[in-house]
Structure formats: structure tokens, C-alpha cells
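J.: Predicted coordinates and the sequence they were generated for:
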Amino acid sequence: MFEQAVARIAGRFSRVEPRATARAYLLGLLSRAERKNCWQLAEQAGHARPGPMQRLLRCARWDTDAVRDDIRAYAVEHLGAQGSVLIVDETGFVKKGRASAGVQRQYTGTAGRIENSQVGVFLAYATSRGRALIDRRLYLPEQSWCSDPERRRAAGIPETAQFQTKPRLAWEMIAATLDAGVKAPWVTGDEAYGQDPQLRAALEARGTGYVLAVACSTRVRINSGRTTIRADTVAERLPATAWQRHSAGAGAKGPRYYDWAWIHIGTGEHRHLLIRRNRTTGELAFYLCWSPATVPLAELVRVAGVRWSVEECFQAAKGQVGLDHYQVRNWTSWHRHITLAMLALAFLTALAADAADAAPKRSTDPHRPARNSEPISLTVPEIRHLCTLVLGSPTVTAARLLHWSIWRRRHQATARRSHYRRRSIHELAG
């Protein structure tokens, strides 16, 4: 299956050298390398220098967006199932300095605070068979980047890349996916996307249903559109009989049960405010929902629960295939590393889905425990561990280890001299 995945993107490379390097890069992303940057991936591949890996990301001729499209088709082929959901979300990449494309001090959920970071907006494809990241956009801040031509040129940002809000980037990815023929009846996302009326209107125009989180202060229209009221006020006025217990999907410790209520809003019968209540703390969450046809409450709950699977995608992509391990500053290099990491994750997810198909069928009742001797299904981390053993790596000799140690320390010495010189110049100027 690994060779099939590599063969799927082979035609996107104009020459055999970068094609072979891309294969080695993917193997490195699947390896046990501590950090998945060009230096360590080159060492893992048995190269004498990191040059081929760096050229692959920076200047080799290959169609990165076409590879992205191949990943999307690959994920749908292996994970496709009824009721699929597209999930939009963002994740941060904490960086040092000012040179990395799109970097600035901004809030990132990765750190849980404002940090010097890049932010990527991603689209995930989720079904009952698994989930994978299928598209990506690097967010380009308006003030610090879009209006600074010199800074843009230094980071290799093309003139066509202009400021777009995160919901707009999300819609571009959703529209491209739907235009490619992907059957996805639902879209979900957090408040950053649910609060955007243009995104909601665009989805409705395409006939795509959505369950999008919104703030408690969101004002909705009830009583056939005659009364405007805050979402949290609606929740306060609901009778006890309005709440129903439903699972939002399986979690690490079993089904995630919450109390749910829904109420018609606006003038259309397919438009709802969905409210989730934590059964222990009483904490509330709110969602604006629309569907082209009548659906039951349980279906809206299912879609709302699927949204959390994108966090699992980010966790697996960063922890297993080095999504955030890159040490590149260039716009093109960022997109190329992220795309190859997405392919590595899609491969692992597809392998897990195919393994599940081949495994003996087990009871789907969450209240009925499996037999003690019955293992759980193969997970992405377990499959990556097996892949490192099966796919292997070149024989490591003492000479090669020493070669790379000397290489790293020479470059570290050069970097240290550069930093010392820059600091000395700054202090003399001061």
C-alpha cells in the first residue's frame, strides 16, 4: 500500500530525482526520527547531505496542489462512506523570528495563548471508517504581511496570495472539494467559522448542510422569525422535557453522552439552534444548523460530535508524521512539507481502515465489553510503529553516525558565529 500511495503522486514530478527524494521524505515522516526536518530525514534516508530534501521543498519542480488533490482522492477512496462530514479548523505552528511566511504574534490554540506563530487552516474528511486532512491554507495576516512587499518577496509569497479571512479560506477548500465530486452532505466547524454569515450562506447556496458552533451571545429568530433573542436566553427558557440524552460519539472512555435540545429558528423548517449541555457541569454549547431536507435530532448531534475528530487529526499529524517539525521559512516550502505530511497521515489512516475491514466483526454495542483476548482495532500510532519495522531504514554504521554528527556541529558553529556577530554589531550600534 505504501508503494501504491507513492505511485499515485509519481506523475506530479517532472524528474526521477525529486520523485525518489519524495519517497524517501515520506519514509522519513513515517520513521522513528526524533524530529522530521530536512537534516534528520536526510540522515534517516542515508543521504550524505540534507541538500536533496531541502531542494525538494524549496525549488524542485513538482505540482504541490496536484499532490494535494491526489491526497483528497486517495482519502475518499479508502475512507468514503455515507454521512461523511467536512471539518474546518485551524492549528498553530509556534516559530521564532520574523522571517517565516505568515508568522506574527497571534492567538493559537496549540499554545493556548498569544505566541509568535504561523496559523494553518485545514479541511478534514471524516466518516465512520476514519478521518484525514485533505486540504490546507496558510493564513496570511493583513497588516504585517499583505501590505509589506519586501517581506513577502523574502518569504517567497506569490503576488496572487492576498489577504483572506479564515472562514474565506475554509470556503475555498470546501468549494474545491465539492467541485471535485466528493459526496459530503455536512460541514462542521468551531465558532471562528460558525459566526461567519457569508460561509453559512455559501453552504446553503450549494445545498450542503452544516452544524457550526456559535457563541452564546448569538442572536437567533424564534416564533417563526418574529422574535429576536440570545441563544443562551433560549436555553434558559427551555422546559425540562425539551432536553434529550444522546451520545456525541465514542471517546477514549466510551460514549460521550450529553443533554441536547433543538428549536426551530427563522422561517425555514430546516433551520435550527442546537444546544448541548454537559450532564455534570451544566456547561452549554450552541450550534447553528441548516439542512436541505428534514433530519432528526440524532443526526445533528452526530455531526456536532464529529467535529472533535479534527483535533485527533492534528494530534496524529504532529505526533506521528511531523506536521509541525519543519524548519522552513519559505511559502512554497511550508505548503510542500505540510502536503507530504498529510499524505503520510492519509496512508496510515487508509491502512487502518483496510485492516478494520479484514478483521473479524465485533459487537458494536458500547455497553458490551469485548472478550479479554480480543485486541482493539489497529490505531494510527500502532500502524506507524509496525511500518517502521516493516519498511525499515538503511543500515546505520558508526561512520555514518559520526559523519552526521560532524555535519550538524559544523553548521551549529557557523550559526553561533553569525548570532554572535549580529549581537556585537547591534550592541556597538546601540
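T.: Now that the structure is in, tell me what you want to look at.
J.: C-alpha from now on. contacts and neighbour counts both.
T.: Fine.
J.: Name the residues of stretch 82-99 that come out as buried.
T.: Buried residues in stretch 82-99, defined by neighbour count with 16 or more other C-alpha atoms under 10 Å: 84-95, 99.
J.: of those residues, closest to R151?
T.: Set against R151, the nearest of the buried residues of stretch 82-99 by C-alpha to C-alpha is A99 (7.8 Å).
J.: Can you tell me the element the closest one falls in?
T.: Counting by DSSP states H and E, no helix or strand carries A99.
J.: Correct me if wrong: it contacts R329.
T.: Yes - using C-alpha atoms under 8 Å, A99 makes contact with R329 at a distance of 6.2 Å.
J.: between these two, what contacts are shared?
T.: With contacts taken as C-alpha atoms under 8 Å, 6 or more residues apart in numbering, the residues that reach both A99 and R329 are A155.
J.: where does A285 land in three-state SS?
T.: Assigned by DSSP: H, G, I helix; E, B strand; the rest coil, the conformation of A285 is strand.
J.: burial measure for it, as a count.
T.: 18 (other C-alpha atoms under 10 Å).
J.: what residues are up against it?
T.: A285 touches 213-216, 275-277, counting by C-alpha under 8 Å, 6+ apart.
J.: for A248, same thing?
T.: 255-258, 301-302, 304-306.
J.: if you look at the residues you listed, which of them are in strands?
T.: 255-258 (DSSP state E).
J.: got a winner among the residues you listed for most neighbours?
T.: Busiest of the ones in strands among the contacts of A248 [other C-alpha under 10 Å] is Y258, holding 21 neighbours.
J.: Give me the distance from the longest helix anywhere in the chain to the chain's centre.
T.: Longest helix in the chain by number of residues (criterion: DSSP state H): helix 398-429. Centroid separation between helix 398-429 and its chain, computed with C-alpha atoms, centre = their mean, to the nearest Å, is 34 Å.
J.: cool, and stretch 97-107?
T.: Worked out by C-alpha atoms, centre = their mean, stretch 97-107 lies 19 Å from the chain centre.
J.: what's the answer for stretch 106-121, then?
T.: Offset of stretch 106-121 from its chain centre (C-alpha atoms, centre = their mean): 14 Å.
J.: likewise stretch 334-342?
T.: On C-alpha atoms, centre = their mean, the centre of stretch 334-342 falls 11 Å from that of its chain.
J.: where does this protein have low pLDDT?
T.: The chain contains residues with pLDDT under 70 at 252, 359-374, 392-396, 400-401, 404, 407, 426-430.
J.: Grab the longest strand from it for me.
T.: Identified as the longest strand of the chain according to DSSP E is strand 113-127.
J.: these two touch, right, Y258 and I275?
T.: No - with contact defined as C-alpha under 8 Å, Y258 does not count as touching I275 (9.9 Å).
J.: Count the residues that sit near V390.
T.: Count around V390 with other C-alpha under 10 Å applied: 9.
J.: in the strand or helix carrying it, what counts as buried?
T.: For V390, the host element (DSSP H and E) is helix 380-391. Of the residues in helix 380-391, 380-381, 383-384, 387 count as buried by neighbour count, 16+ other C-alpha under 10 Å.
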